[in-house]
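Asks: How does the following fold in three dimensions:
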Amino acid sequence: MATAGFRHDGPVLLDDESCYGAVRSKDRRFDGWFFVGVTSTGIFCRPSCPATTPKRANVRFFPTAAAAQGSGFRACRRCRPDTAPGSPEWNVRGDLAARAMALIDDGVVDREGVGGVARRLAVSERHLHRVLVAELGASAVALARSRRAHTARVLIETTDLPFTEIAFAAGFASIRQFNETVQQVFGTSPTVLRADRTSAVVRARAGGGSSADDRGPERAAGAPTPISLRLATREPFAGPEVLGFLAARAIPGIEAVDADATYRRVLHLPSGLGVIALQAALDHVSARVLLTNLRDLGPAVARCRRVLDLDADPVAIDEALGADPLLAALVGATPGRRSPGAVDGTELLVRAIVGQQVSVAGARTVAGRVAASLGATLPAALASAPEA
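Replies: Numbers count the residues shown, from 1 in each chain. Predicted structure coming up:
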């Protein structure tokens with residue numbers, strides 16, 4: 001039962017005591033499971049935010065960032081809750097809310113509207129709205145708005161593209177909508193966000209570190225824009241094992257894993273083709289994304305996360321598998337294993353059918369033939385890029 005003065009808005013998988021306990025201990029395992037709104041400051045954070053723990057009476061819990069934003073909270077600039085791993089709940093649920101969330105993450109609202117999501121799910125818009133508000137604390141429009149804001153921030157901080165291009169690439173209908181949303185969600189303007197990025201780039205260069213691609217004006221007209229991203233995941237993360245699994249099953253002409261353990265592949269995205277290059281670290285994945293259409297950034301990131309199973313709950317997985325006497329030693333030797341996925345349902349179906357008929361090596365060969373006969377030719381600008 002909720003304690004007086006202590007509220008949570010929408011369903012979360014933990015009770016109030018556990019939620020506040022995670023906030024008080026700054027437990028990173030719960031990042032993405034829920035978000036914490038602080039009424040005394042008007043900001044919302046991830047549970048592990050390093051700031052001073054708020055008083056119990058001053059916090060509200062939300063199941064999604066969109067729900068927190070819809071209640072008037074702006075994202076914390078210190079812990080950046082918009083970059084937290086996604087909830088692992090959507091990995092195991094196949095209900096209407098989970099399927100709708102996947103479509104929204106893939107940008108369907110931006111391309112087809114809420115009606116397009118409802119049609120794909122064979123429900124009415126009204127029913128979809130009821131389910132999303134009940135389960136996620138936000139409507140499809142609000143969830144899509146949160147996604148657009150995050151995409152815009154990525155482009156602001158990792159490219160020198162004009163704000164006009166960023167606004168439409170992120171899915172906004174106008175520059176005014178872009179400016180207002182960024183201000184409301186992040187509590188600052190696009191100009192300030194870019195200035196903060198510029199300061200970080202100068203500091204990184206002074207220290208010999210790497211920085212986001214900032215060639216800006218040097219970019220050839222119409223050339224694909226390379227974007228460097230840091231994809232968060234939960235620890236432990238058995239990245240080398242995940243990449244090894246993908247390497248053994250890489251489809252010729254589509255995927256490859258280099259000697260330096262970089263996973264590269266071509267993506268067929270809603271607005272065109274793209275190329276990704278992924279490298280695993282202990283607590284994140286470094287991604288280099290090259291797109292023919294910047295509107296595909298959100299769908300590309302969603303596919304990357306799905307392929308590497310980055311939103312999984314490794315602690316729960318290890319506890320479940322470790323309880324089996326036959327698996328306990330393997331789990332203990334390599335904690336943080338994932339279940340790699342596929343970029344879309346079609347690829348998953350082909351892999352499942354082919355994989356049941358022949359060996360892993362044979363399945364690669366057959367899948368490569370399917371890709372060669374049905375796949376599109378990679379544009380020269382993408383084929384010649386370092387990411388390809």
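Asks: how many other residues sit next to the closest residue to Ser124 other than its chain neighbours?
Replies: Excluding its sequence neighbours, the residue lying closest to Ser124 (CB to CB, 6 or more residues apart in numbering) is Ala118, at 6.2 Å. In short, each C-beta sits where N, CA and C put it, glycine included. Counted with other CB atoms under 10 Å, residues neighbouring Ala118 total 20.
Asks: doesn't Glu125 make contact with Ala118?
Replies: Yes. Using CB atoms under 8 Å, Ala118 is in contact with Glu125, at 4.6 Å.
Asks: In terms of helix, strand or coil, where does the residue nearest to His150 when sequence neighbours are not counted fall?
Replies: Spatially, and ignoring its direct neighbours in sequence, His150 is nearest to Asp82 (4.7 Å; CB to CB, 6+ apart). Three-state assignment for Asp82 (DSSP: H, G, I helix; E, B strand; the rest coil): helix.
Asks: Contacts made by the helix or strand encompassing the residue nearest to Ser124 with the rest, please.
Replies: Using DSSP states H and E, the element containing Ala118 is helix 108-121. Residues from elsewhere that reach helix 108-121 (CB atoms under 8 Å, 6 or more residues apart in numbering): 96, 99-100, 103-104, 124-125, 127-129, 139-141, 143-144, 148, 171, 270, 295.
Asks: ChimeraX command to pick out the buried ones of these?
Replies: With 16 or more other CB atoms under 10 Å as the criterion, this ChimeraX line picks the buried residues out of those:
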select :96,99,100,103,104,125,128,129,139,140,141,143,144,148,171,270,295
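Asks: Now do the helices in the stretch 51-200 of the chain.
Replies: For the stretch 51-200 of the chain, the helices defined by DSSP state H, counting those that start in this stretch cover 65-70, 89-92, 96-105, 108-121, 125-136, 140-158, 163-169, 175-186, 190-206.
Asks: can you tell which of these is closest to Phe245?
Replies: helix 89-92 (16.7 Å; CB to CB).
Asks: any idea of the angle the helix holding Ala118 forms with helix 125-136?
Replies: Interaxial angle of helix 108-121 relative to helix 125-136 (axes from the mean of the first three to the mean of the last three CA atoms, to 10 degrees): 110 degrees.
Asks: tell me the domain boundaries of this structure?
Replies: Domain ranges of the chain: 7-83, 89-137, 220-388, per automatic domain parsing.
Asks: Which among the ones you listed is found nearest to Thr159?
Replies: Distance to Thr159, taken as CB to CB, is lowest for domain 220-388 among these, at 6.0 Å.
Asks: Check the helices of the stretch 51-200 of the chain for me and report the most buried one.
Replies: Comparing these by mean neighbour count (mean count of other CB atoms under 10 Å), helix 65-70 comes out on top with a mean of 26.
Asks: CA-only coordinates of that one, as CSV, when you get a sec.
Replies: Only the C-alpha atoms of helix 65-70 are listed here, as CSV (Å, rounded to 0.1, in the frame of the first residue of the first chain):
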residue,chain,number,x,y,z
ALA,A,65,10.0,9.1,-19.5
ALA,A,66,7.0,10.3,-21.5
ALA,A,67,4.7,9.9,-18.5
ALA,A,68,7.1,12.1,-16.4
GLN,A,69,7.3,14.7,-19.2
GLY,A,70,3.5,14.7,-19.5
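Asks: Please compute how far it lies from its chain's middle.
Replies: 17 Å (CA atoms, centre = their mean, to the nearest Å).
Asks: With stretch 259-267 instead?
Replies: 18 Å.
Asks: How far does that stretch stretch from one end to the other?
Replies: One end of stretch 259-267 to the other measures 21 Å (CA to CA, to the nearest Å).
Asks: cool, and stretch 29-49?
Replies: Span of stretch 29-49 from end to end, CA to CA: 12 Å.
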